[in-house]
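> Just a sequence and a predicted model for now, questions to come.
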Amino acid sequence: MKVLIADKFEKSGIDGLTGAGCDVVYEPDLKDDGLLKAVADTGADVLVVRSTKVTEPMMDAGQLSLIVRAGAGYDNIAMPAASARGIYVANCPGKNSLAVAELAFGLIIALDRRIPDNVADLRAGKWNKKEYSKSRGLYGRTIGLLGFGNIGQELAKRAQAFGMNIAVWSEIGVEVDRAGLPIDLPLLVRLRPLTGSPIEPVIRVCKTPEEVAEQADVLSVHLALNDRTRRLVNASVLNKLKPGSFFINTARGEVVDYAALEQVIRERGIRVALDVYAKEPSSGVADFEEPLMKLPNVYGTHHIGASTDQAQEAIAAETVRIIKTYVETGRVVNVVNLSRETRATHVLVVRHKDQPGVLAGIFDALREENVNVQETENIVFNGAEACVARINLDAEPSEAALQKVLAGNAHIYDIQLVPLSAPASSHHLARTLSV
């Protein structure tokens, strides 16, 4: 299987793919027309990218069957186009969580102690201990987390180690126990403050982003970008922040309304640290203009949240696992573009001998009735003499079609049609044959 890697990738990952028998083409600077041409020229089956955009024309240029996003988010890939062409898209969730959480907390400390400004003044030959001795400190403050997935949870652990209270909101909800604490983090909620600490940090699960912002001294964003989260952090949320609060974004620039953010920076003294921006250069080195970065209360980094050696090695290993599994089994782990909803209305359950042609005959009968198969699972029993096939259908086949299936193959023991909307009233046709 040929694998085209179109972004920077660890040597350990390339070696792992080669060891798995893949023909690897490594072109880390490909993008736009160059990537489109490479997809066509190499005939690659698998494309691996980090931040490089993968467009619909690229998918039509060659014979891709799998695109691996060597990272967590996948908004740089034309997902509807991939799904329409039956191209799997997989990602590497959680492998960069520690790296992003470490950067986010570093930015929080930098804002509180104004570390970049300290450094800049010292480099300019200025000593200003009187000014830079002013700091509120983080102990006993509340950090608000918008998003409570892998990264949000890792940041919560670090915040609690610093004695901070925690308020969380998640787009998909946060399951809590009877005490109202997140059950995702049993280790976190059992942590105790340092010896002699007068307070014990608490965790609150909030119903809205606005509620989190209202409680937060530090608001940190850890949301994936999708149609629901685009500009979710808007004026309604940002105006709930207390004057002088901190705002951190290490997720995606597009989840924040930067015009509203600029307004609260100017009018409410909000201090901001950003690692992501609405419009970022497509290359690693380029000129960059971001109006927010010209404001005195704003710090920035260069979208480096996931860029530690540890994170990149972990992502490379996960990418190898995804592709190796695909090569060896045809299955894709971490796939993100399979439908979670089904149009199936009925399940046809068929007990049959493990013989060639059984399923083909069933599919022929369904095709004649214009009934489409949504999903199929064929389970083989010990000894490989008998199987049970579960076939999800988008319509109900006629009784005549079912009788035709039974009569047309002596290797079928019985069939059962189960309406998904009312499984208790299933229609059952059975015939037992002597073997």
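Perfect, thanks for sending it. Numbers count the residues shown, from 1 in each chain.
> My understanding was that His352 contacts His411; is that so?
Yes. With contact defined as Cβ atoms under 8 Å, His352 counts as touching His411 (5.4 Å). All C-beta atoms are positioned from the backbone trio N, CA, C, and that covers glycine.
> Overlap of the contact sets of the two?
Listed as contacting both His352 and His411 by Cβ atoms under 8 Å, 6 or more residues apart in numbering are Val358.
> what about Glu102, neighbour count?
18 (other Cβ atoms under 10 Å).
> ok, it touching Thr308?
Yes. Contact criterion Cβ under 8 Å: Glu102 and Thr308 qualify, at 7.5 Å.
> Could you report the neighbour count for Gly284?
Around Gly284 there are 12 residues (other Cβ under 10 Å).
> swap in Val218?
As a measure of burial, Val218 has 25 neighbours, counting by other Cβ under 10 Å.
> How about the one 3 residues further on?
The burial count assigned to Val221 is 27, neighbours taken as other Cβ under 10 Å.
> before we move on, what about Ser135?
Number of residues near Ser135 (other Cβ under 10 Å) recorded here: 11.
> mind checking pLDDT for it?
pLDDT, Ser135: 92.
> In contact with it: list those residues for me.
With contacts defined as Cβ under 8 Å, 6+ apart, Ser135 is in contact with Asp112, Arg113, Arg114.
> Quick one: mark the members of these that sit in strands.
Within the contacts of Ser135, no residue falls in strands by DSSP state E.
> How about Asp287: what's its closest non-neighbour residue?
Pro281 (7.6 Å; Cβ to Cβ, 6 or more residues apart in numbering).
> so the one you found sits right up against Phe288, yeah?
Yes. With contact defined as Cβ under 8 Å, Pro281 reaches Phe288; the gap is 5.9 Å.
> mind giving me the domain split of this protein?
Per automatic domain parsing, the structural domains of the chain span 2-93+310-329, 97-305, 346-430.
> quick one: which helix or strand includes Gly94?
Using DSSP states H and E, Gly94 falls within no helix or strand.
> next one: Leu366
helix 358-368.
> what's that helix in contact with?
Contacts of helix 358-368 (Cβ under 8 Å, 6+ apart): 348, 350, 352, 372-373, 376, 378, 387, 389, 391, 393, 397, 401, 404-405, 408-409, 411-412.
> again, only this time at 6 Å
His352, Ala401, Lys404, Val405, Gly408, Asn409, His411 (Cβ atoms under 6 Å, 6 or more residues apart in numbering).
> Format those residues as TSV; extra columns: secondary structure.
Below are the contacts of helix 358-368 laid out as TSV (DSSP: H, G, I helix; E, B strand; the rest coil):
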residue	secondary structure
His352	strand
Ala401	helix
Lys404	helix
Val405	helix
Gly408	helix
Asn409	coil
His411	coil
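> now these as JSON lines including pLDDT and distance to Asn76?
Conversion of those to JSON lines gives the following (pLDDT from 0 to 100; distance: Cβ to Cβ, whole Å):
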{"residue": "His352", "pLDDT": "93", "distance to Asn76": "45"}
{"residue": "Ala401", "pLDDT": "87", "distance to Asn76": "46"}
{"residue": "Lys404", "pLDDT": "85", "distance to Asn76": "49"}
{"residue": "Val405", "pLDDT": "85", "distance to Asn76": "46"}
{"residue": "Gly408", "pLDDT": "81", "distance to Asn76": "50"}
{"residue": "Asn409", "pLDDT": "87", "distance to Asn76": "48"}
{"residue": "His411", "pLDDT": "91", "distance to Asn76": "49"}
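> Fine by me, thanks again.
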